[in-house]
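Trainee: quick one, what's the 3D model for this:
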Amino acid sequence: MAFDITPYIDMKPSQVRQLIREGTIDFPTAGMCRGYAQANLVILPPEYAADFEEYAKKNPFPCPILEIIKGTPETHDMGEGGNICSDIPRYRVYENGVFTKELTDASEYWKEGYVGFLIGCSFSFEEALMREGIEVRHIAQGRNVPMYKTNIQTVKAGPFEGPMVCSMRPMTPENAKKAYEITVKMPNVHGAPVHMGDAAGVGVADVMKPDYGEAVDVYPGEIPVFWPCGVTPQAAVENAKPPIVITHAPGHMFITDILNTQLNDYLEAKKHA
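Mentor: Model (predicted):
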């Protein structure tokens, strides 16, 4: 399904978060709020939070932590006054590892002690690719980015384990090399591609049949380029089977107040603080 992000490209993140909160925007956020970082979400009951945090630390490329939210669902570091239960266009609820429903507001699910994790998103590096003249196909075609469960296994922590989910962008080999050089410098938003070329190399039988998101056109002479993806925790949740987990719906992100160009330095400074 095509949707139009044009009105939201140059809006401030706080304005777009308000429109999401009001229910005006319920579609994927790629390309919105040009310049600002976007984030994936996982909300867990307290007894699973420490294991998940360890899982994210062991798997920093698919799961780079931007902010941990405790006490209330309100965000601070990534956007003062934001709310992880109302400011994402669509949420997914998993019960005992099974995806049971999708909704536009998750406020009723937040309980005392719950912990939210905002995780870096590849939408952040797409801006850098487009600035260098590399077309990002799902944005050009108004679709949700295609994502695949691969045969690359993540490092286990507690009950959390499973395949790395990767997002895919088709490009010419020349642009793929350029994209590698750009994204390798951005480790806090997934870093460099994990695979370029034949999709079978990462266990993907058919790029036109993604596990999440929507297929995009691949033109003659192009190769698929796979990046670690923040939907990876959703695959791990299916294995860990907590009684309840709330995540973002793939492609529907939390838009932060931090500029993509500043995110890496901001997070590095936070690590050393």
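
Trainee: residues in contact with the strand or helix carrying Val237?
Mentor: Applying DSSP states H and E as the criterion places Val237 in helix 232-240. With contact meaning CB atoms under 8 Å, 6 or more residues apart in numbering, helix 232-240 is reached by 40, 42, 48, 51-52, 55-56, 59, 62-63, 92, 94, 97-99, 117, 119, 149, 154, 158-165, 212, 245, 247, 250. (Each C-beta comes from the backbone N, C-alpha and C, glycine too.)

Trainee: and this structure, what are its domains?
Mentor: Segmentation of the chain into domains, based on automatic domain parsing, reads 6-122+240-272, 136-228.

Trainee: would you turn these into a markdown table with mean pLDDT and mean neighbour count?
Mentor: Shown next, in a markdown table, are these (pLDDT from 0 to 100; neighbours: other CB atoms under 10 Å):
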| stretch | mean pLDDT | mean neighbour count |
| --- | --- | --- |
| domain 6-122+240-272 | 95 | 19 |
| domain 136-228 | 95 | 19 |
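
Trainee: export those as CSV, with columns for distance to Ala128.
Mentor: Output for the domains of the chain, formatted as CSV (distance: least, CB to CB, whole Å):
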stretch, distance to Ala128
domain 6-122+240-272, 7
domain 136-228, 5
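
Trainee: tell me the spacing between Pro146 and Asp198.
Mentor: When CB to CB, to the nearest Å is applied, the distance between Pro146 and Asp198 equals 16 Å.

Trainee: do the same with Gly23
Mentor: Counting by CB to CB - Gly23 and Asp198 are separated by 42 Å.

Trainee: what about the helices in the protein?
Mentor: Ranges of helices within the chain are 13-21, 46-58, 123-131, 137-140, 173-183, 232-240, 260-272, based on DSSP state H.

Trainee: who wins for proximity to His76 among those?
Mentor: His76 lies closest to helix 260-272 among the helices of the chain, at 11.9 Å (CB to CB).

Trainee: so how far is that closest one off the chain centroid?
Mentor: Relative to the mean C-alpha coordinate of its chain, helix 260-272 is positioned 18 Å out (CA atoms, centre = their mean, to the nearest Å).

Trainee: please apply the same query to stretch 114-128.
Mentor: Here stretch 114-128 is found 5 Å from its chain centre; the criterion is CA atoms, centre = their mean.

Trainee: gap between the two ends of that stretch?
Mentor: Counting by CA to CA, to the nearest Å, you get 34 Å between the two ends of stretch 114-128.

Trainee: on that earlier part again, buried sites along the helix holding Val237?
Mentor: Neighbour-count burial for helix 232-240, counted by 16 or more other CB atoms under 10 Å, picks out Thr232, Pro233, Gln234, Ala235, Ala236, Val237, Glu238, Ala240.

Trainee: Leu129 is nearest to which of the domains of the chain?
Mentor: Smallest distance to Leu129 across these (CB to CB): 5.6 Å, for domain 136-228.

Trainee: next one: the residue lying closest to Leu19 once chain neighbours are set aside from Val115, what distance?
Mentor: Spatial nearest neighbour of Leu19, chain neighbours left out: Ile25 (4.9 Å); criterion: CB to CB, 6 or more residues apart in numbering. Applying CB to CB, the value for Ile25 to Val115 is 26 Å.

Trainee: now do the contacts for Pro228.
Mentor: Listed by CB under 8 Å, 6+ apart, the contact set of Pro228 reads Phe61, Pro62, Met164, Val165, Cys166, His190, Gly191, Val194.

Trainee: the same query, at a cut-off of 6 Å, please.
Mentor: Phe61, Pro62, Met164, His190, Val194 (CB atoms under 6 Å, 6 or more residues apart in numbering).

Trainee: lovely, talk soon.
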